[in-house]
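Colleague: Model the structure of this input:
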Amino acid sequence: MSIFGAHDEKTLAQLADVASRAERVALMADGHVGYVMPIGGVAAYRNQVSVVGVGFDIACGNAAILTDRFVHDYSRRELEELANEIQRSLSFGVGLSNRSKDAPHDDELFRDDAWKALDPAVEKPLREKARDQLGTVGAGNHYVDVFGDELGRVWVGVHFGSRGFGHTVASGFLALSQNQKWGSRVPEREALLDLASPMGEAYWALMNLGGRYAYAGREWVARKTVSILGAQELDIVHNHHNFAWKEIHDGRELIVVRKGATPAYPNQRGFVGGSMGDDAVILEGTLDSPERSEAALWSTVHGAGRVMSRTEARGKLKGWGPKARIVAPGKVSWQMVNEWLGPKGVILRGGGLDEAPHAYRRLPDVLAAQGSTVRVLHTLKPLIVVMAGENEYDPYKD
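Modeller: The predicted model follows:
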């Protein structure tokens, strides 16, 4: 068991529970309590995959595109207008469809043989829902950001996953693992599927399809944002952080599940965000501390990591969606958020108190705890942050 950073007892207890079933485990410095397996956790299994380890937002991840534009190309007024256009042009929120004329409804992934792993009665409606939602961002901690790096170059960064498709697949296999019908609501319990079994084989195929789906959605959204900026793409950095991979460790093939952890093999780049009011980074794995990197299963953080629950930050809600109201205040107010964002000049569209910078660790601290297993290549300062509106509940977020 390898642990980076400091964590509360509940998070460590979850990791110990996972370790009782896994070959190896590690916890990244942004870790906190999740469903069964802690967020920021990494677990390696022999020929098994954990449904709740991968999570309900299969293949949630981050993508960042370097553009050919510079921060000084835009006035403050232009950035404000661009923030409005990003909010108008993309789908932020719950249960929305991608209605853009150039939406990727006919992506090749919809003809993948993996769809055949589903019962025909499930497959058709799920495929249509997935087709409809591809390229939507959702709510919660999912975002589209515009950044400037240390050279003044403009980057676009996005964070979201496989939307309703991934949630339906995870929920369906969790139900099947408890001998319930597909679509039944069941408790979040560990479900280790043997990849040699029909169920494990089907889940693996659909999980990987979810990976393709998430990649296609993130790249469409990021490239759409680049076009809104009137820019051209120069480079892209893209990774999942809720996924499972077949990897070789200690001379053995293991199934490595990363739940809110980014792959970080030598020279493998990743985009890691902080919060709506903090810098993000482009980093890469190193060979500077090979023993420590292997102990981390060649993984690193996927963000800054929460220090407050959503309820603790925003307060207790009654109802949900636009009609939701706070009936007991939390620890964060909009005055606090504005005092944080104002001096930084961040243009915020949407967002909620549960996503305030105060609810998160500071990214430099968690990166320092990862030590020389990673190095920062670029520091990205937020110019524009666009998220779903306040009090939007997203059932498909991680």
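Colleague: Quickly find the element holding the closest residue to Val346 other than its chain neighbours.
Modeller: Spatially, and ignoring its direct neighbours in sequence, Val346 is nearest to Pro382 (5.1 Å; C-beta to C-beta, 6 or more residues apart in numbering). Quick note: C-beta positions are derived from backbone N, CA and C, even for glycine. Element membership for Pro382, per DSSP states H and E: strand 374-386.
Colleague: Repeat that for Gly140.
Modeller: According to DSSP H and E, Gly140 maps onto no helix or strand at all.
Colleague: And for it, the neighbour number?
Modeller: Other residues near Gly140 number 23, with proximity taken as other C-beta atoms under 10 Å.
Colleague: From Pro187, how far out is it?
Modeller: According to C-beta to C-beta, to the nearest Å, Gly140 and Pro187 sit 22 Å apart.
Colleague: And for Ser89?
Modeller: Here Ser89 is placed at a distance of 40 Å from Pro187 (C-beta to C-beta).
Colleague: who has more neighbours, the two?
Modeller: Neighbours of Ser89 and Pro187, each counted by other C-beta under 10 Å, are more numerous for Ser89; the result is 15 against 8.
Colleague: Show me where the chain has its helices.
Modeller: Taking DSSP state H as the test, the helices found in the chain are 9-19, 51-54, 76-89, 120-133, 163-177, 198-228, 290-295, 310-314, 334-344, 363-370.
Colleague: Pick the most deeply packed of these.
Modeller: Highest mean neighbour count of the helices of the chain: helix 51-54, a mean of 27 (counted as mean count of other C-beta atoms under 10 Å).
Colleague: Please save the CA atoms from that helix in PDB.
Modeller: Extracted C-alpha coordinates of helix 51-54, given in PDB (Å, rounded to 0.1, in the frame of the first residue of the first chain):
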ATOM      1  CA  VAL A  51     -17.300  -1.900 -11.400                       C
ATOM      2  CA  VAL A  52     -17.500   0.700  -8.600                       C
ATOM      3  CA  GLY A  53     -13.800   1.200  -8.900                       C
ATOM      4  CA  VAL A  54     -14.100   2.500 -12.400                       C
END
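Colleague: In terms of secondary structure, what does that helix contact?
Modeller: Judged by 3 or more C-beta pairs under 8 Å, 6 or more residues apart in numbering; DSSP states H and E, the packing partners of helix 51-54 are helix 163-177, strand 242-249, strand 252-259.
Colleague: now the ones you listed as a markdown table including mean pLDDT?
Modeller: Shown next, in a markdown table, are the helices and strands packed on helix 51-54 (pLDDT from 0 to 100):
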| stretch | mean pLDDT |
| --- | --- |
| helix 163-177 | 96 |
| strand 242-249 | 97 |
| strand 252-259 | 98 |
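Colleague: For those, could you give me CSV that also reports distance to Gly95?
Modeller: Listed next are these as CSV, based on distance: least, C-beta to C-beta, whole Å:
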stretch, distance to Gly95
helix 163-177, 8
strand 242-249, 20
strand 252-259, 25
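Colleague: For Leu118, which of these is the nearest?
Modeller: helix 163-177 (8.3 Å; C-beta to C-beta).
Colleague: And that closest one, what does it pack against?
Modeller: Judged by 3+ C-beta pairs under 8 Å, 6+ apart, the packing partners of helix 163-177 are helix 51-54, helix 120-133, helix 198-228.
Colleague: Name the residues that touch that helix?
Modeller: The contact list for helix 163-177 (C-beta atoms under 8 Å, 6 or more residues apart in numbering) reads 51-52, 54-60, 95, 122, 126, 129-130, 133-134, 136, 138, 162, 181-186, 188-189, 191, 193, 199, 202-203, 206-207, 210, 213-214, 217, 395-396.
Colleague: Give me the angle between the strand holding Pro382 and helix 363-370.
Modeller: Going by axes from the mean of the first three to the mean of the last three C-alpha atoms, to 10 degrees, strand 374-386 is angled at 160 degrees with respect to helix 363-370.
Colleague: strand partners of strand 374-386, parallel vs antiparallel please.
Modeller: Here strand 374-386 has these sheet partners by DSSP bridges: strand 143-148 (antiparallel), strand 280-285 (antiparallel), strand 347-349 (parallel).
Colleague: Give me the buried positions along that strand.
Modeller: By 16 or more other C-beta atoms under 10 Å, the buried positions in strand 374-386 come out as Val374, His378, Thr379, Leu380, Lys381, Pro382, Leu383, Ile384, Val385, Val386.
Colleague: again with stretch 276-294
Modeller: Under the neighbour-count criterion of 16+ other C-beta under 10 Å, stretch 276-294 has Met276, Gly277, Asp278, Asp279, Ala280, Val281, Ile282, Leu283, Glu284, Gly285, Thr286, Ser293 buried.
Colleague: ok, the last one touching Pro263?
Modeller: No - with contact defined as C-beta atoms under 8 Å, Ser293 does not reach Pro263; the gap is 11.2 Å.
Colleague: any shared contact partners between these two?
Modeller: Common contact partners of Ser293 and Pro263 (C-beta under 8 Å, 6+ apart): Gly285.
Colleague: Next one: Arg131 from Arg111, what distance?
Modeller: 11 Å.
Colleague: which sections of the protein are below the confidence cut-off?
Modeller: 319-325, 391-398 (pLDDT under 70).
Colleague: Provide the count of other residues in contact range of Lys101.
Modeller: 4.
Colleague: Give me the distance between it and Leu195.
Modeller: According to C-beta to C-beta, Lys101 and Leu195 sit 41 Å apart.
Colleague: cool, Ala43 as well?
Modeller: Distance of Ala43 to Leu195, computed by C-beta to C-beta: 15 Å.
Colleague: Looking at the two, which one has more neighbours?
Modeller: A side-by-side neighbour count of Ala43 and Leu195, using other C-beta under 10 Å, places Ala43 first with 29 against 17.
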